[in-house]
Every structure is written in structure tokens, then in C-alpha cells.
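Undergrad: This is a predicted model, with the sequence first.
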Amino acid sequence: MKAVYKIFLVAFLLAGVACKKSDPVTNKPEPTPNNTEIPANAGDGVTFINDGKSAIFNLYAPGKISVSVIGDFNDWQPAKMKTTTDGTRWWIQVDGLDANTEYAYQYLINGNLRVADPYTEKILDPDNDKYIPSSVYPNLKAYPTGKTTSIVSVMQANQPAYSWKVNNFTRPAKKDLVVYELLVRDFVSDHSYKTIIDTLDYISRLGVNAIELMPVAEFEGNESWGYNDSFFFAPDKYYGTKNDLKALVDACHQRGIAVIMDIVLNHAFGSSPMVRMYFDQSTGKPTASNPWFNVDAKHPFNVGYDFNHESAATRYFSKNVMRHWLKEYKIDGYRFDLSKGFTQTNNPNDVNAWSAYDASRIAIWKDYNNFIKTVDPNAYVILEHFAAAQEEKELAADGMMLWNNVAYGFQEANMGWMNSSDLSWLMPAAHTFTVSDALVGYAESHDEERVMFKNVTYGNQDGYNARLLNNGLKRGAMTAAFLMAAQGPKMIWQFGELGYDISIDQNGRTGNKPILWTYQNVPERKALYNAYAKYIKMKLKNPVFGANTATYTLTGAVKNMALSGSGVDVQVVGNYDVTAQTATIAFTKTGTWYDYVTGNTLNVTSTSMSLTLQPGEYHIYSSAKLQ
């Protein structure tokens, strides 16, 4: 028995040596891991302690053999990190730091993969940073050429502080939101937050009370719409510094303007460390062991790599992102890109099936919405959803808002093509909503062809010519009237108020577009701007336009909507045809009605009254004077 035991013991020890992991950095047998739990004060990414003289690095990387930190502070020589008992996290404390110094760093995984920190708030990109002018981002730290490769993260304990001027901003009520959607790159020629601050007087005069920034978190390249995201906590340097973005938010708040951030959490692109850490180069897809991403997208229209929002790791990460911008930048809320993609119901090719009622997706969104409310109870949550009406109705009942795309109907109406000019979807009742503040209605967004481009290119010429710019601009004013008179929050795409008529496809769909501030100098375009300002003011100063009582006929040539509330009745009526039309309008009472468009009055002699309207003619009649 002793001989058998000795043979067994030797075999067991040899097997242990054979199975022991090797350290990929030294190629020597790796010692028994030092499984020490992370200090309680260490958050994700980097946590500074000892007045910034020390930093704790904390990386979630389950299943890895070894992880080291490399950076300026150790001359890019690997410092091995400890792993937690459960093997999911790696951490190390680095001492001897200068709290006022910026340090570049990466994680070295399994001895060969260099990745930036997923939680970094600043990166250095060796391929794209050289195209960022110093006027936009001064004194940008140089990339550590010759020390490492790929994107690196940056940390600094004592960062330049921003002193907030507004600490108690009161956000507009959801029903009163008038959002101005803009892309920094195509709004000001130097693509900087600082210059946008200089344009806020223009935006304030228009009367909007919120701006929605297309994605500003760090995305791949510089010239982008921003939906090819890669680092979710870092503002993109192509638009300016961290404090420049804070100054923009602060300046907006000083003017009573909320700031909504277009945020991308449906997917990430290939430079994301979370993609790169678990990626199969042979297939070009995330591996099945990736904690955050699906191997294959679960829905159509996916770009990049599809987040799995039923994964606990993804939920944890996403909530940290949501908290970050609300707290650090005082953002007032989010517009979530492609929110319908937050599902694990597998419909990779069928758009209709993807759009159908999905209880699991509703549960995901209610969880995220509830979390956001714990961080900021009044934050806006806006979804680009476009799912089944019942699903959107449930999300609206939970306090979320949804993009309401009426672009096609407005385009057809403005062009004068009556058979396809239905605007009924503008109204909450068409969605069977019981709340009137949940649909963000719009005629244009970054994703839609520009109304005025379609007007001047494809407008109806069978009567008066809808293609003539002046006619198109006047019809645009009628669209502004209907848009702002309808219940609920509204959105305008940048320069739509000046009749921007450059196609979305010029220079490629997502390519740079001409920035035509000179449009302000064209009287007819400035008249359209003034009309938008007038009807925005009308919406915000008169409670009737937030009333729940509304009837409408928004098909055919002559469209009208009737609103009632706060002691006043309103009739909005307009002829979108290219020939004169007569229609019967149901007024609620006889007597004098006031026209908000012309300033004239109308003597209503019968509650059922015929009106003849010329092409493009419209009126906003009220039973009492509107403010």
C-alpha cells in the first residue's frame, strides 16, 4: 500500500506541475495567485488615494490568466495585478505619483494584449489626435510613441477644476420641451464647445428650451456623427476639453436651456477595450465568453458589436455610464440611440418581428429608467424606440418619452402631395396614449431627409409651384405652426428653422455638411426663423397647447386641429395643397376669434363655417387672445 501511495503522490505532484499556468510576460511558471480582495474604497477604473500620491487600478476581466498595468509611472514595464478570489477582477495599488501630473497607462492582458481602461475619462489616440487643433484642445498630452501601441488611457488626480455657476437649474416640464438637436461638427466650423457657447444667443432668441447634443462620448476617428462609440466615460477631444463641455452645459442652464445627451449603449465599436478583451480575430466577432457583448447581433440595423442587456455585467456598466454624465456634467437627461435594440429576443433579420411587443425589453427599460430616477428623479429619458404601440404606451406610462417621427407626413405635405400627407401620428391620441407629454414629435431629425431639400427638389408644380424656395419657406412656417400647436414635447433639427436645403446624402450620409449661417441674411429664411420663434413662444406661453382635449383632421389638403383648455379654444387650420381649397371648420362658439398668425380677427357667424384657403395659407384662431 505504501508503494501505491508513493506512486499516486508522485503522479499527483507531476500533474500539478504540468497543469500550472505559465506567466505570459516571463514565460516562467506562475506562482500561486495572491487572491486579495479589492480595498473597499476602490471603484472601477482608477481611484486616487493619499492625496493623489497613490492610485488603485481596478479592472473587471474574468477568465484572464494575467493582467499587468503599464504606464508613464513605471516606464511601461509590467506591474502584475492581483486577482480577486472569484477571479473576475484585477487590481493593484501604485504609489509615488505626482497628483498634478497626467499619466498615460494601459492594461497588459495575458502578456500580449494592450488595452485602455474602459472607465477612462480621457484617451490618447496615435492615429487621430494629430488632427485636433490646439485651438480646440490646448496642451494635449503627447502620445507615448515608442513606449506602447494602440489607444492609451489618461489619469490625473488633481485635474483643472470647473466652478459651476448654476447649481439649482429648474428643468422645463416634459410637456413644454422644445428641443434643438445639433451635431457639434456641422453646427460651428471649428467643431468646438466653446464656439457653440457663442451661438447660444441665436438659440435663445429662437425660444427653444433644450438642446440635444448628438453623441459626444469618445468615438472612433474625428469626423463622425458619434454613433461609432468606443469609450463611454470620456468626452471626445475633437470637440474640446472636459471643462469646455461643462462650461457649455452651464451656459445653457444660465439661459434656461436644458442639455440632453444623445447616448449610445446599444453597441460599441472595435476600439472599445471591452470588445478587444474578448474577441475572436478569426471570425471578427466577440467570443462567447465576452461578459458584455453578443457574438451575433440579436436585431436588424445593428452596427458595431451588440450589447447584451440581459447580462449583469452590461447592466452594471450601463448604469455606471448613466450615472456618470448626470453627476459629473450636470446633463439633464438622455436620448437613447436605438433603444429598441435592448433585447435578447433573437430577430436578426425581421424588422417587423423586432418591433413587436417585447416584454423582456420593457423590463430592461423599466429597470434602467428606475435606476436613472434614483440618480436624478427629474432627468429626461427619451427613447428612439419605434416599437409596437402597446409597448411604447407602457414605457410612456412609466415616465419615459419616445421619439415620434412624423417626417414623412410633413415632407409629403410640404411638397404638396396630398394623398400621402397624413400628420395624424403627431397626436398622442393616434398612439392611444393617455398622457400627452411622452411623444417628442418632429418633422426633421439628424436621420431624416431635410424637408426643404425635398420641397425644392420634388415639390408639386401642378398649381402654384411648391418647388420655389419662397413658397417652400412659407409652407415651412405652416409646418412650424402645426408642429408647435400639437400637444407634447417637440424637436427641431439644426438650421431647419432657416429652411436648410442641403440633402442628408451630400458628401455621404454621415459626411460633413455645409455650415450656412449666412442663411440668416436671406429675408425669406429669416422670416421662417421668426415664425418658428413665434410659434414656440405661443406653445410655451399658452397652456391650451398642453391640453389633453384635442380633436383633429390631419389628412387631406386642409388640415386642422382643435384644442381646448385654460378658458380658450383654438382652431389651427391650413391648406397644404397647391390649389385653393374650401373646408368647413367646426368652431366652438360664434363671435370674434383672434388670428395669431396675422393679428387680424375673424367674425364667426356659425359654429360650422366654410373657409376658402389659398395654397400654403394657414391660421391659428383662438376664442380669446393668446399671449
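TA: Arrived safely, thanks for sending.
Undergrad: Next, the contact list for Asn465, please.
TA: Gly459, Asn471, Val578 (Cβ atoms under 8 Å, 6 or more residues apart in numbering). All C-beta spots, glycine's among them, are computed from the backbone N, C-alpha and C.
Undergrad: Mind putting those into JSON lines with secondary structure and neighbour count?
TA: Shown next, in JSON lines, are these (DSSP: H, G, I helix; E, B strand; the rest coil; neighbours: other Cβ atoms under 10 Å):
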{"residue": "Gly459", "secondary structure": "coil", "neighbour count": "21"}
{"residue": "Asn471", "secondary structure": "helix", "neighbour count": "21"}
{"residue": "Val578", "secondary structure": "coil", "neighbour count": "23"}
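Undergrad: residue contacts, the most centrally placed residue in the chain?
TA: The centre of the chain sits closest to Asp262, judged by Cα atoms, centre = their mean, with a distance of 1.2 Å. Shown in contact with Asp262 (Cβ under 8 Å, 6+ apart): Glu181, Glu212, Leu213, Met214, Pro215, Val216, Gly226, Tyr334, Arg335, Asp337.
Undergrad: Ala61 too?
TA: Val67, Thr88, Arg89, Trp90, Tyr107, Ile109, Met277.
Undergrad: Look at the second one and say how many residues are nearby.
TA: Right, Thr88. 15 (other Cβ atoms under 10 Å).
Undergrad: Apart from its chain neighbours, what residue comes closest to it?
TA: The shortest distance from Thr88 to any non-neighbouring residue, by Cβ to Cβ, 6 or more residues apart in numbering, is to Pro62 (4.1 Å).
Undergrad: For the one you found, give me the backbone phi and psi.
TA: Main-chain dihedrals, Pro62, degrees, to the nearest 10: phi -60, psi 140.
Undergrad: Distance-wise, check it relative to Ala251.
TA: 43 Å (Cβ to Cβ, to the nearest Å).
Undergrad: repeat for Phe187
TA: For Phe187, the distance to Ala251 (Cβ to Cβ) stands at 15 Å.
Undergrad: go on, Tyr193?
TA: In terms of Cβ to Cβ, Tyr193 sits 9 Å off from Ala251.
Undergrad: ok, back up a step: so if I had to pick from Pro62 and Ala251, which one is more boxed in?
TA: Ala251 (19 against 16).
Undergrad: my guess is that one is in a helix, correct?
TA: Yes: Ala251: assigned to a helix according to DSSP: H, G, I helix; E, B strand; the rest coil.
Undergrad: In strands, which of the contacts of Asp262 appear?
TA: In strands, judged by DSSP state E, the following of the contacts of Asp262 are found: Glu181, Glu212, Leu213, Tyr334, Arg335.
Undergrad: and which of these is nearest to Thr148?
TA: Closest approach to Thr148 among the ones in strands among the contacts of Asp262 (Cβ to Cβ): Leu213, at 31.9 Å.
Undergrad: and Gly599, how many residues sit next to it?
TA: 7.
Undergrad: typed the wrong thing, it's Pro133
TA: The burial count for Pro133: 12, using other Cβ under 10 Å.
Undergrad: Assumed it was part of a helix.
TA: No: secondary structure of Pro133 (three-state DSSP): coil, not part of a helix.
Undergrad: Who are the contact partners of it?
TA: Asp190.
Undergrad: can you pull the pLDDT of it?
TA: Looking at Pro133, its pLDDT is 98.
Undergrad: Thr36 now?
TA: 84.
Undergrad: Tell me where the stretch 501-627 of the chain is predicted with low confidence.
TA: For the stretch 501-627 of the chain, applying pLDDT under 70 flags the ranges 548.
Undergrad: If we use 90, what do you get?
TA: Scanning the stretch 501-627 of the chain for pLDDT under 90 picks out 546-549, 566, 627.
Undergrad: got the residue ranges for the helices in it?
TA: 523-541 (DSSP state H, counting those that start in this stretch).
Undergrad: Considering the contacts of Asp262, which possesses the most neighbours?
TA: Glu212 (28 neighbours).
Undergrad: on that earlier part again, tabulate the contacts of Asp262 (TSV), appending pLDDT and distance to Thr434.
TA: Converted to TSV, those look like this (pLDDT from 0 to 100; distance: Cβ to Cβ, whole Å):
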residue	pLDDT	distance to Thr434
Glu181	98	27
Glu212	98	26
Leu213	98	31
Met214	98	31
Pro215	98	32
Val216	98	35
Gly226	98	35
Tyr334	98	24
Arg335	98	23
Asp337	98	27
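Undergrad: Closest one of the residues you listed to Tyr532?
TA: Using Cβ to Cβ, those come closest to Tyr532 at Glu181, 13.8 Å.
Undergrad: got the residue ranges for the helices in the stretch 201-350 of the chain?
TA: So, for the stretch 201-350 of the chain - with DSSP H, counting those that start in this stretch - the helices run 242-254, 273-276, 312-328.
Undergrad: ok, and for the first one, which residues are buried?
TA: Read it as helix 242-254. By neighbour count on 16 or more other Cβ atoms under 10 Å, the buried set for helix 242-254 is Lys242, Asn243, Asp244, Leu245, Lys246, Ala247, Leu248, Val249, Asp250, Ala251, Cys252, His253.
Undergrad: just to revisit the earlier point, out of the contacts of Ala61, name the ones that lie in strands.
TA: Using DSSP E, the contacts of Ala61 in strands are Val67, Arg89, Trp90, Tyr107, Ile109.
Undergrad: wait, which of the helices of the stretch 201-350 of the chain is closest to Asn507?
TA: helix 242-254 (26.1 Å).
Undergrad: Could I have the CA atoms of the closest one written out in PDB?
TA: Extracted in PDB, the C-alpha atoms of helix 242-254 (Å, rounded to 0.1, in the frame of the first residue of the first chain):
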ATOM      1  CA  LYS A 242     -13.900  68.200 -20.300                       C
ATOM      2  CA  ASN A 243     -14.300  71.600 -18.800                       C
ATOM      3  CA  ASP A 244     -15.300  73.100 -22.100                       C
ATOM      4  CA  LEU A 245     -18.300  70.700 -22.100                       C
ATOM      5  CA  LYS A 246     -19.100  71.600 -18.600                       C
ATOM      6  CA  ALA A 247     -19.000  75.300 -19.500                       C
ATOM      7  CA  LEU A 248     -21.400  74.700 -22.300                       C
ATOM      8  CA  VAL A 249     -23.900  72.900 -20.000                       C
ATOM      9  CA  ASP A 250     -23.500  75.700 -17.500                       C
ATOM     10  CA  ALA A 251     -24.000  78.400 -20.100                       C
ATOM     11  CA  CYS A 252     -27.200  76.700 -21.400                       C
ATOM     12  CA  HIS A 253     -28.500  76.500 -17.800                       C
ATOM     13  CA  GLN A 254     -27.900  80.200 -17.300                       C
END
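Undergrad: Packing partners of it?
TA: helix 193-206, strand 258-263 (3 or more Cβ pairs under 8 Å, 6 or more residues apart in numbering; DSSP states H and E).
Undergrad: Correct me if wrong: Asn290 contacts Pro273.
TA: No: the criterion here is Cβ atoms under 8 Å, and Asn290 misses it with Pro273 at 11.6 Å.
Undergrad: Looking at those two, which one has more neighbours?
TA: Pro273 (26 against 22).
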